[in-house]
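Engineer: only the shape, not the letters, is given here:
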């Protein structure tokens, strides 16, 4: 019995994703399946989700560092107080992974790009821009629409015909942006800073067991390649069993298109291409769905 005048006990707020088992398919920072540094995992857990991390991509160094190192030698002179001439007017980044891998290689070659002068930076979206800012570098252009077409539009009128653009990237990315830039007379140097390889072995077996267990509420995709690799890993039978039972959430239109192309209807799409918006889209979905 409560004493007169005492305050009633406060109800603990219900986490919006409480009870939801959510599979994250993006490559993890660092090595292995550690999720301590993953901002997406942290956001999901803070919303109450039980997170299972199953990367569908593993990131590996390029087979040859030569093209990257030549580009870094060209940039070295722009990283001192007496900035020398560089052949590049812009460096364009298409992912946070490209930022991290390129800057890590630069540091290992003692090229400190935080001191870069006279070369402007462009990012395909907010997460890529944040990776640059964390490294102490400010992008001059961030695409409003995080697609190759959106970045090409953002660069139009700012990159001139004849300008030389450095494009650090993965080995399997789309060629849409370099093709569009070259059509404008821009010289594009593409250098592979990491390879994206499908996951094999234990992760694959564990993912299949997780899906067979029937406890997964949602699978999240942050890239088209992650979605394609997921489909290849689990196989067509598992995709058919998922339909109508496991929700699919995507970070943006290009990723959603890839999901639909391989037979995965998309239940939630981020309104902007960021992890926070992706989690919000899942929370909106959960408000109209019950835990299965």
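Structural biologist: Structure's in. What do you need? Note that the coordinates shown come from a computational prediction; the quantities given were computed from them, not determined experimentally.
Engineer: can you give me how far the host helix or strand of residue 203 is from the chain middle?
Structural biologist: Using DSSP states H and E, residue 203 maps to helix 202-212. Here helix 202-212 is found 22 Å from its chain centre; the criterion is C-alpha atoms, centre = their mean, to the nearest Å.
Engineer: now stretch 268-284
Structural biologist: 13 Å.
Engineer: contacts for that stretch?
Structural biologist: Outside of stretch 268-284, the residues within contact range by C-beta atoms under 8 Å, 6 or more residues apart in numbering are 16-17, 20, 22, 39-40, 43-44, 47, 49, 125-127, 146, 218, 220, 222, 247-253, 256, 285. (Each C-beta comes from the backbone N, C-alpha and C, glycine too.)
Engineer: per-residue confidence for residue 57?
Structural biologist: With respect to pLDDT, residue 57 scores 85.
Engineer: identify the residues contacting it.
Structural biologist: Per C-beta under 8 Å, 6+ apart, neighbours of residue 57: 26, 27, 196, 197, 198, 199, 223, 225, 226, 229.
Engineer: which residue packs closest to the last one, ignoring adjacent ones?
Structural biologist: Beyond its immediate neighbours in the sequence, the residue positioned closest to residue 229 (C-beta to C-beta, 6 or more residues apart in numbering) is residue 56, lying 3.8 Å away.
Engineer: how about the fifth one?
Structural biologist: Counting by C-beta to C-beta, 6+ apart, the nearest residue to residue 198 once its immediate chain neighbours are dropped is residue 229, at 5.0 Å.
Engineer: so the one you found versus residue 223, what's the distance?
Structural biologist: Distance of residue 229 to residue 223, given as C-beta to C-beta, to the nearest Å: 9 Å.
Engineer: and residue 146, by the same measure?
Structural biologist: On the measure of C-beta to C-beta, residue 146 and residue 223 end up 11 Å apart.
Engineer: can you name the residues that contact residue 26?
Structural biologist: Counting by C-beta under 8 Å, 6+ apart, the residues that residue 26 touches are 38, 40, 55, 57, 220, 222, 223, 226.
Engineer: how about 7 Å then?
Structural biologist: Residues in contact with residue 26 (C-beta atoms under 7 Å, 6 or more residues apart in numbering) are 40, 55, 222, 226.
Engineer: same check on residue 15?
Structural biologist: 47, 48.
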